[in-house]
Structures are given as C-alpha cells and as structure tokens.
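1. Sequence plus predicted model, see below.
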Amino acid sequence: MNVEQYDFNLPDKLIAQTPLADRTASRLLTLDKATGEIRDHAFRDLKQYLQAGDTLVVNDTRVIPARLLGLKEDTGAKAELLLLKQLHGDTWETLAKPAKKLKVGAVIVFGSGEDGEPLLRAVVEDEGEMGGRTIRFQYDGIFQELLDRLGEMPLPPYIKERLDDRERYQTVYSRQSGSAAAPTAGLHFTEEFLQELQEMGVEVAPLTLHVGLGTFRPISADTIEEHVMHSEYYELSEATAAKLQQTRERGGRIVAVGTTSARTLETVANRFPDGLQACSGWTDIFIYPGYQFRAVDALLTNFHLPKSTLVMLVSALAGRDAVLNAYKHAVREEYRFFSFGDAMFIY
C-alpha cells in the first residue's frame, strides 16, 4: 500500500497550539466502524457511548522533561538533545541537533553549578540514523533531579506556543516516568470525569507504554510495508490482565484510550492468543489495514498527522475510507487537531 493513500489536507489553523482550560471541554467526533456513521458531540458525551461492564484501558506513562538545551564544550555552539530511551545506566538513545556537528566524542554541557562547572555533561558514543545519537551522561548527584531542573517538556514540533504548566502535557493518571511524548488521548480526562464513568459501572485499567522515537520519525518509505517501527517498552500488570479477562467473560468491551494503549494490548494479545496475560517487553508492532484486532473493541484517540502510522492504525480498526471521510468532516467542521486537539471515538 502506498503511503500517499493516507494523506489529507489540513489547514495550519486547525493545529491546536494550547490546551483548553478545562480538559473535558474539547469536542468529540464519533465514528461507527460498522456503518461509517459520523456524529458531532462534546467530549463529555462519551458517557453515552460507554456502558456498565466496559473497561477503559489507559496508559499511565509519565513524560519526562526530555528536551535538554546546552552548549558544545569545545566551541560554545548551541546543541539540543531529546531523550528517547534509557538503554542502560547513564546511557541514553537521543535525537540530537545539529546532528552533523555532534560526532562521536563530542561533549555537550548543561547548566552551571556554584563552582562554574557544568551540572551535566553528555558524551556522544555512537551515531544513528536521522539525527539519532547514543549519549552517556556524566554528573554528580541524582540524574532525575538534574533533569527536572535543566530539562524542558518535549512538545511536538508543530506546537509553537510555550506551555506554562507542565502538568497539562501529562494525563491525570500518569505514574510511570519514561516517555518522550504524552499519550494525548488521555489528556481529555479529569479525575472527576473518570469517577463519573466508574460510578456508571465502567472499569479503568492501567498499562504502561513509554512513547519513544517512533512518535517523532515520519514514514520515509514509499510503501507502508517497507516502514519499520521503532521499539518501545511496555508493561501489563497481573491486575490489569485479570480485569480485562473479567471484562471478556461478562461480555464488556475493551476500550483503548489512545493508540499507545491499543498497540500494547494488541502486542500482548498476539503474544498470548489464548488470553491476555501479565508481561513486559519491547514492542515494534505496526498496525495498518489488513490487521485483525484481537483485544481492542473500541478506541478513543485524537486526530493524527497526515500519512502517519497512527492514521494507518485507526484505518485498520474502522477502514481507510471511513476514517478519511471522518477526517474530512473534522476539517470542514474545524475540529482542533493533534496533541492538544479534540477527540475521536471509534466504536
């Protein structure tokens, strides 16, 4: 399949630059995957589409302040690192700018202590593709504390506005630190709204997938089949596996909140075809039309970039024509797109 089949026209003005004051104030487009019917709602109308016995599966990953702005130690030139994955100890996989000037052996320094010495040093140990660099950090003290002090939230490049409150790029249920990007479908929930859903009989079950490099790299291949996804770490607990098994037994639906939850559920379902089990590991699953879902019955998601792997994932669930038709409707009705934008529920 050609990647161009998943392109669509998106005016820049529809790219949401800031979060709404009230997380639940966004709009909600619903898409019936069986009929292709589209309806416009407010996000809180999601209650109309959920029922007692359903389970919302949320990704409890927490975004780290993964963007570090520093200077090359030898020249004083500006340099930037985006932390993507902790490989081991103080060694990380990163995206670097300007990558061409950050060769193996280059040293980047960040911050300054009372003695005038840098608070953090980064040594380039290996070069990867498309700006990828393996970095080893050197420091005194606790790395996470230094990162909280020196790092910035890694907002996607299409967001130009400054985010004053870091917590608005975190879900209210974020617990496990390690992501380079937020699982943005979950940004629409407040603790109060989740409580309302639970009072209706809707269960909430967490899993973890730390969002990494795949989020930032576009598809460079001409055909979908040639694209290789980057691996990301996931965990599914015994408690969540048991809750999802109970959901199946009582005839409820497994509703994935976000594509990260969906990818994790499908990874585990493929690993254990006879029923979801607790496990952890790395996934590079690429879901596109032709894929048969094993675990996910319905999906809450945001609106995604043209020609992205995420548009392909939702097309696998609801059909390419239905999804692109829904996106055309969303553009026409001026829905807000991407991370801080509106939501879509496919059921």
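-> Cool, the structure landed.

2. which residues in the stretch 101-250 of the chain form helices?
-> In the stretch 101-250 of the chain, the helices defined using DSSP state H, counting those that start in this stretch lie at 143-150, 191-199, 238-249.

3. Take these and lay them out in CSV including distance to Pro19, mean neighbour count and mean pLDDT.
-> Just so you know, the C-beta spots here come from the backbone N, C-alpha and C atoms, and that holds for glycine as well. Below are those laid out as CSV (distance: least, C-beta to C-beta, whole Å; neighbours: other C-beta atoms under 10 Å; pLDDT from 0 to 100):
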stretch, distance to Pro19, mean neighbour count, mean pLDDT
helix 143-150, 21, 14, 96
helix 191-199, 15, 13, 98
helix 238-249, 27, 16, 98
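
4. Would you reformat these as a markdown table and include distance to His230?
-> Formatted as a markdown table, the helices of the stretch 101-250 of the chain follow (distance: least, C-beta to C-beta, whole Å):
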| stretch | distance to His230 |
| --- | --- |
| helix 143-150 | 22 |
| helix 191-199 | 30 |
| helix 238-249 | 24 |
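
5. Leu56 is nearest to which of those helices?
-> Among the helices of the stretch 101-250 of the chain, the nearest to Leu56 by C-beta to C-beta is helix 191-199 (6.9 Å).

6. who does the closest one touch, helix- and strand-wise?
-> With contacts taken as 3 or more C-beta pairs under 8 Å, 6 or more residues apart in numbering; DSSP states H and E, helix 191-199 sits against strand 203-209.

7. Tell me which strands the strand it packs on pairs with, and in which orientation.
-> Applying DSSP bridges, strand 203-209 is found paired with strand 55-59 (parallel), strand 232-236 (antiparallel).

8. buried stuff in that strand?
-> 203-209 (16 or more other C-beta atoms under 10 Å).

9. Please apply the same query to stretch 176-186.
-> Those would be 176, 178-186, for stretch 176-186 by 16+ other C-beta under 10 Å.

10. Name the nearest of those relative to Ser112.
-> Among the buried residues of stretch 176-186, and counting by C-beta to C-beta, the member closest to Ser112 is Ala180, at 25.5 Å.

11. Could you measure from that closest one over to Ala34?
-> 36 Å (C-beta to C-beta, to the nearest Å).
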